[in-house]
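Asks: fold the following for me, if possible:
(one chain, ligands or ions: 1)
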Amino acid sequence: MSDLVVSCGVLQDEQEAIMKGKEKCGEEQTLSWADTKKMPITSRVIQETLRVASILSFTFREAVADVEYEGQLHHNLWYLIPKGWKVLPLFRNIHHSPEIFPDPEKFDPSRFEVVPKPNTFMPFGNGTHSCPGNELAKLEIMVLLYHLTTKYRWSMAGTNSGIQYGPFALPQNGLPIRLIRKS
Ligand code: HEM
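Replies: Numbering: from 1, shown residues only. This is a model prediction of the structure:
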């Protein structure tokens, strides 16, 4: 989130450019559905935020049959997940793996200029029970960012103190921000 505050400048540039374009064409200056499809930088910032600290970093499954699973660190090791066992896949581990996302602690939206490989980026889960609110959630974040960056100036009120997992990701100390409405 604090990195999102830092990314505010680039987001603002992208969104203001869209609004200026509309002004030139004499179009109404409100955010439209078509505008949301022209915000690649904002989309990448949202993706990177979901990678670094999604609100949900795991899901639950139950093995419906015995599963043999090859260890990733020790390729000669096989694990048996017996039928009926509960499994908790931790997306956070995948999203913070340096083999998949180099320098994983760095907030770098440009890594999403390349589409991630299958099963490496799963903030909304995967398979039959993946999140049906996926597109709606991303759209809502985009609309919020649009209003925050075009209508307000905002900055962090305290010092960046990282993320706490309890188990849901939250900014430590609540991350207070200062908002000033643009005139
Ligand atoms: C940033 C916001 C959100 C995140 C990160 C998120 C993430 C997730 C994840 C990881 C799962 C579990 C998927 C799995 O087990 O494979 C899930 C399930 C679900 N989500 Fe979301 N979600 C978000 C927003 C929403 C919204 C806005 C809605 C509805 C409007 C929604 C509705 C659901 C439902 C109904 C399920 C259960 C699906 C099932 O079990 O079949 N989510 N979500």
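Asks: which residues does the most centrally placed residue in the chain contact?
Replies: Geometric centre of the chain, nearest residue: Leu50, 1.6 Å, by C-alpha atoms, centre = their mean. If a contact means C-beta atoms under 8 Å, 6 or more residues apart in numbering, then Leu50 has Pro123 as its contacts. From N, CA and C alone the C-beta is placed, and that goes for glycine too.
Asks: can you point out the helix or strand that includes it?
Replies: If you go by DSSP states H and E, Leu50 is part of helix 40-53.
Asks: how far does that helix sit from the chain's center?
Replies: The chain centre lies 4 Å from the centre of helix 40-53; the measure is C-alpha atoms, centre = their mean, to the nearest Å.
Asks: neighbouring strands - and their directions - for the next helix or strand after that helix?
Replies: Next along the chain after helix 40-53, taking DSSP H and E as the criterion, comes strand 61-62. With DSSP bridges as the test, strand 61-62 is paired with strand 86-87 (antiparallel).
Asks: what average pLDDT does the partner strand get?
Replies: For strand 86-87, mean pLDDT rounds to 94.
Asks: picking that back up, just the CA trace of the helix holding Leu50, in CSV.
Replies: Extracted in CSV, the C-alpha atoms of helix 40-53 (Å, rounded to 0.1, in the frame of the first residue of the first chain):
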residue,chain,number,x,y,z
PRO,A,40,-2.3,-0.4,-18.6
ILE,A,41,-0.1,1.3,-15.9
THR,A,42,-3.0,1.4,-13.4
SER,A,43,-3.8,-2.3,-14.2
ARG,A,44,-0.1,-3.2,-13.6
VAL,A,45,0.0,-1.4,-10.3
ILE,A,46,-3.2,-3.3,-9.2
GLN,A,47,-1.6,-6.6,-10.3
GLU,A,48,1.6,-5.9,-8.5
THR,A,49,-0.3,-4.8,-5.3
LEU,A,50,-2.2,-8.1,-5.5
ARG,A,51,1.0,-10.0,-5.9
VAL,A,52,2.8,-8.3,-3.0
ALA,A,53,0.0,-8.3,-0.5
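Asks: what's the local residue count around the residue nearest to Pro102 when sequence neighbours are not counted?
Replies: Leaving aside its chain neighbours, Pro102 sits nearest to Arg111 (8.0 Å; criterion: C-beta to C-beta, 6 or more residues apart in numbering). Using other C-beta atoms under 10 Å, Arg111 has 19 other residues around it.
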